[in-house]
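# Next comes the sequence, and after it the predicted model I'd like to discuss.
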2 protein chains.
Amino acid sequence: MTTTTPASDQVELGTWMAREIAEQPQVFDRIVRDRSAAREVAEHVRRFRPRFVLFAARGSSGHAALYGKYLVEVGLGLPAGTVSPSTTTLYGAEPDLRDVLLVSVSQSGGSPDLVEVTESARRRGALTVAVTNTPDSALGAAAEHVLDMAAGPERAIAATKTYTASLLALYVLVDEIRSGTATDLSHLGAAAQRVLDDNVDRVADAARRLRFAERIVTTARGYSLASAAETGLKLAETSYLVTRSYSGADLLHGPIAAVDAETAVLAFRGAGPGGRTMADVLARVRERGADVLCAGTQPTDALLVPEVDEALTPVVEILPLQRLAWSLAVARGLDPDRPAGLRKATETR
Amino acid sequence: MTTTTPASDQVELGTWMAREIAEQPQVFDRIVRDRSAAREVAEHVRRFRPRFVLFAARGSSGHAALYGKYLVEVGLGLPAGTVSPSTTTLYGAEPDLRDVLLVSVSQSGGSPDLVEVTESARRRGALTVAVTNTPDSALGAAAEHVLDMAAGPERAIAATKTYTASLLALYVLVDEIRSGTATDLSHLGAAAQRVLDDNVDRVADAARRLRFAERIVTTARGYSLASAAETGLKLAETSYLVTRSYSGADLLHGPIAAVDAETAVLAFRGAGPGGRTMADVLARVRERGADVLCAGTQPTDALLVPEVDEALTPVVEILPLQRLAWSLAVARGLDPDRPAGLRKATETR
């Protein structure tokens, strides 16, 4: 088993996913180099002066939206929520959305329910922005403004580079809305490359440690909640593991009862308040006998993430976990490029 | 193994949980009989004219909040969201909350983070309402208005009657805010009793079918999403199962890859659009070979729920699932009254 990027003639399983994981440093460089599109959308948002922000998204993009919610609440000082598309698509809810900024996030831009929610929100007075990897999609046409995440074509069904590109596009957008001095992000591509390089052996070790795990819980607090949720989804998609993801706080509210010596816990504890409050959670899951693997900044952590600003940590800390999901799948003889029963764009209403 | 309510001298495990499950029809009768407190709070809300509703809650109360979000979006035509307490408690976010109604839901009223979020929201202009079973709690003191869910003392650690009482209190509150003619809810206690009586043998069958299940996925769409999430939590708390809960739509977006012949799927398909759109989801999980148990209105469904208005279905459809969680725990020799590693009120910040 190897966890380095395979050349196409060496490895047949998961070639696309491995390549797309490896491309992320370049994708980040591209996004932070030219912020003009984000700046233009931000200018419209500032003029609109939203009072509330709503996100519409599903799957990996839903985790990007969860991250976006933190950026908006902490960075813009605006309350934010997540749309339940079915209130519109199933029950015909027509909420008054004047003063509301609706941000729809979708790699493919093709989900009929997101298109419907976006069209309906626009009719009801919301300023609509689509963050998508496919600007000429139905979603791109439905939204008033489109922000291209510019991750390049993604061929593996499991989203990797479009996930982190969504996070980074949202970060840049919020940074531009806040205006003032734009945060310097020129280091991010290099940080991402370092995360990939530093974790080659660590990912291989973690994959061996988890190879026979049947119960996996992922957990984090704060900005990194998105990373815990995305890790859970990646493991479910590629290795077919029933993985539960919890906020560290919610975990202590009940599900901790299901954590025992048969459970592997993947916990994020990057720099900053979110990571620091994980100490309690880690103590409790260790008390219960779980095998705990941390993604953090300590040399003793199973997976190493760099000390970037906490609000940026989710963009880079997920990379070794994507590799881990890939490695576990390949070790189990599964093809992470083509998970069973999945299509790239999911048509839900 | 028996699934009927045990007398205290017959069964030692889970006596309190079983009693509290059985009490729910009486709790419902009590809540719907006297709506004056809800009417008074609703009057304040109407005068405030909120533009946006935020819910703050964790654990089972978080699932009640998810249900409340549907009630608000569909029934009041207002956008709604869920507070991430950590944006306030960890990152000191101070969003502008004028025109915002904050509804905090907590059985114990004792979670420091909810108290802090409520106090902070009140300072920042929100109208704050606490829905709690403990009005003289710190949360009750923090909120401007308190709605007592009046479920009576709950002694089992796994919440049952306080969960459904939260749902019903929220339903009555939203119904009163909408005003006009109050929905007749006098049938609800009897419907709940019928659900308990009709499912005694069905719950026993389902518990036998799931006794050795290692992978359980719960799923629903629309209002019943709360039921899927709450079922997952109840099974985790009482039987220590790692259970994943998904919106039917999200399930098709990736996690379906983890559904196979080793997986049990608990699906809700009550009357109404939410239940009807589950047909696609059920077809897909059956294709994958899963053992599917439905809670629905068809005689062929594993668990039977009555045909009440879809917006009320979550209040009654969870009852047989609570019994199922209880039965599975007792069958496994676990005590559902005292799950390992849990306390009744969880102190997270």
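Thanks, I have it. In this text, all values refer to a predicted model and were calculated from it rather than measured experimentally.

# residues in contact with residue A:273?
A:222, A:310, B:90, B:91 (C-beta atoms under 8 Å, 6 or more residues apart in numbering or on different chains). Quick note: C-beta positions are derived from backbone N, CA and C, even for glycine.

# wait, isn't the last one in contact with residue A:222?
Translated: residue B:91. Yes - counting by C-beta atoms under 8 Å, residue A:222 is a contact partner of residue B:91 at 6.9 Å.

# joint contacts of the two?
Joint contacts of residue B:91 and residue A:222 (C-beta under 8 Å, 6+ apart) are A:70, A:273.

# So the two - more neighbours on which side?
residue A:222 (30 against 20; other C-beta atoms under 10 Å in any protein chain shown).

# any idea whether the closest residue to that one other than its chain neighbours is helix, strand or coil?
Leaving aside its sequence neighbours, residue A:222 sits nearest to residue A:274 (C-beta to C-beta, 6 or more residues apart in numbering or on different chains; 2.5 Å). On the three-state scheme (DSSP: H, G, I helix; E, B strand; the rest coil), residue A:274 is labelled helix.

# Could I get the contacting residues of residue A:274?
Neighbours of residue A:274 in contact, by C-beta under 8 Å, 6+ apart: A:220, A:221, A:222, A:223, A:224, A:310, B:86, B:90.

# dump the residue contacts of the fifth one.
For residue A:224, the contact set (C-beta under 8 Å, 6+ apart) comprises A:268, A:270, A:274, A:275, A:313, A:314, A:317.

# before we move on, what about the second one?
With contacts defined as C-beta under 8 Å, 6+ apart, the neighbours of residue A:221 are A:247, A:248, A:249, A:274, A:275, A:277, A:278, A:281, B:86, B:90.

# Kindly reformat these as a markdown table containing pLDDT.
Compiled in a markdown table, those are given as follows (pLDDT from 0 to 100):
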| residue | pLDDT |
| --- | --- |
| A:247 | 89 |
| A:248 | 89 |
| A:249 | 85 |
| A:274 | 90 |
| A:275 | 90 |
| A:277 | 91 |
| A:278 | 93 |
| A:281 | 93 |
| B:86 | 85 |
| B:90 | 89 |
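
# residue ranges for the helices of the stretch 201-349 of chain A, please.
A:225-239, A:248-252, A:273-276, A:278-287, A:313-331 (DSSP state H, counting those that start in this stretch).

# want to throw these into TSV with distance to residue A:23?
Converted to TSV, the helices of the stretch 201-349 of chain A look like this (distance: least, C-beta to C-beta, whole Å):
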stretch	distance to residue A:23
helix A:225-239	16
helix A:248-252	31
helix A:273-276	27
helix A:278-287	30
helix A:313-331	11
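
# pretty sure residue A:103 is in a strand, no?
Yes - assigned with three-state DSSP, residue A:103 falls within a strand.

# Need the per-residue pLDDT for it.
For residue A:103, the pLDDT comes out at 98.

# what helix or strand does residue A:118 sit in?
Residue A:118 is part of helix A:112-123, with elements assigned from DSSP states H and E.

# and the closest residue to chain B within chain A, what are its bridge partners?
When scored by C-beta to the nearest C-beta, chain A has residue A:81 as its residue closest to chain B, at 1.8 Å. Following DSSP bridges, residue A:81 is listed with bridge partners residue A:54.

# mind listing what it touches?
A:52, A:53, A:54, A:55, A:69, B:52, B:54, B:79, B:80, B:81, B:82.

# Quick check: mean pLDDT of stretch A:288-302?
95.

# quick revisit: wait, which of the contacts of residue A:273 is closest to residue A:183?
residue A:310 (12.6 Å; C-beta to C-beta).

# so how far is residue A:121 from residue A:99?
Residue A:99 is 12 Å from residue A:121, where distance means C-beta to C-beta, to the nearest Å.

# Name the residue in those two with the higher neighbour count.
Higher neighbour count among residue A:99 and residue A:121: residue A:121, with 26 against 17, using other C-beta under 10 Å.

# Tell me, how many residues neighbour the nearest residue to the more buried one once chain neighbours are set aside?
Among residues not flanking residue A:121 along the chain, residue A:102 sits closest, at 4.3 Å (C-beta to C-beta, 6+ apart). With neighbours defined by other C-beta under 10 Å, the count for residue A:102 comes to 26.

# just residue A:69 next, same as before
27.

# quick one: it is in a helix?
Yes - when three-state DSSP is applied, residue A:69 is found to be in a helix.

# need the contact list for the spatially closest residue to it that is not a sequence neighbour.
For residue A:69, ignoring the flanking residues on the chain, the nearest one in space by C-beta to C-beta, 6+ apart is residue A:80 at 4.5 Å. Residues near residue A:80 by C-beta under 8 Å, 6+ apart: A:52, A:53, A:54, A:55, A:68, A:69, A:72, A:73, B:81.

# quick one on the thing from earlier: same list (the contacts of residue A:224) but as TSV, adding distance to residue B:325.
Output for the contacts of residue A:224, formatted as TSV (distance: C-beta to C-beta, whole Å):
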residue	distance to residue B:325
A:268	29
A:270	35
A:274	31
A:275	33
A:313	36
A:314	33
A:317	34
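
# Out of these, which end up buried?
A:268, A:270, A:274, A:275, A:313, A:314, A:317 (16 or more other C-beta atoms under 10 Å in any protein chain shown).

# Give me every residue in the stretch 151-300 of chain A lying close to chain B.
The stretch 151-300 of chain A comes close to chain B at residues A:158, A:214-217, A:221-222, A:225, A:233, A:236-238, A:240-244, A:247-250, A:252-260, A:263, A:273-274, A:277, A:284, A:287-288, as judged by C-beta under 8 Å from any C-beta of the partner chain.

# buried subset of those residues?
A:158, A:215-217, A:221-222, A:225, A:233, A:236-238, A:240-244, A:247-250, A:252-260, A:263, A:273-274, A:277, A:284, A:288.

# okay, now residue A:75: neighbour count?
18.

# Kindly indicate whether it is helix, strand or coil.
The assignment at residue A:75 comes out as helix when based on three-state DSSP.

# pLDDT and distance to residue B:114 added to the contacts of residue A:81, as a markdown table?
Shown next, in a markdown table, are these (pLDDT from 0 to 100; distance: C-beta to C-beta, whole Å):
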| residue | pLDDT | distance to residue B:114 |
| --- | --- | --- |
| A:52 | 96 | 21 |
| A:53 | 97 | 22 |
| A:54 | 96 | 23 |
| A:55 | 97 | 23 |
| A:69 | 96 | 18 |
| B:52 | 96 | 19 |
| B:54 | 96 | 12 |
| B:79 | 94 | 22 |
| B:80 | 94 | 17 |
| B:81 | 93 | 16 |
| B:82 | 91 | 12 |
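
# Specify which member of those residues is nearest to residue A:295.
For those, the closest approach to residue A:295 (C-beta to C-beta) belongs to residue A:69, at 21.2 Å.

# Just to check, the closest one is in contact with residue A:82?
Yes - the pair residue A:69 / residue A:82 is scored as a contact, 6.8 Å apart, by C-beta under 8 Å.

# neighbours of residue A:33, just the number please.
10.

# Run a quick check on residue A:26 versus residue A:189, I expect a contact.
Yes - in this structure residue A:26 lies within contact range of residue A:189 using C-beta under 8 Å: 6.8 Å.

# Which of those two has more residues huddled nearby?
Higher neighbour count among residue A:26 and residue A:189: residue A:189, with 20 against 15, using other C-beta under 10 Å.

# residues in contact with the more buried one?
Residue A:189 neighbours (C-beta under 8 Å, 6+ apart): A:25, A:26, A:28, A:29, A:32.

# Let me know the next secondary structure element after the helix or strand that contains the second one.
If I follow you right, that is residue A:26. For residue A:26, the element it lies in under DSSP H and E is helix A:24-33. Where DSSP H and E defines the elements, the next helix or strand beyond helix A:24-33 is helix A:36-48.

# do that next one and chain B meet?
No - counting by C-beta under 8 Å from any C-beta, chain B is not contacted by helix A:36-48; separation bottoms out at 15.0 Å.
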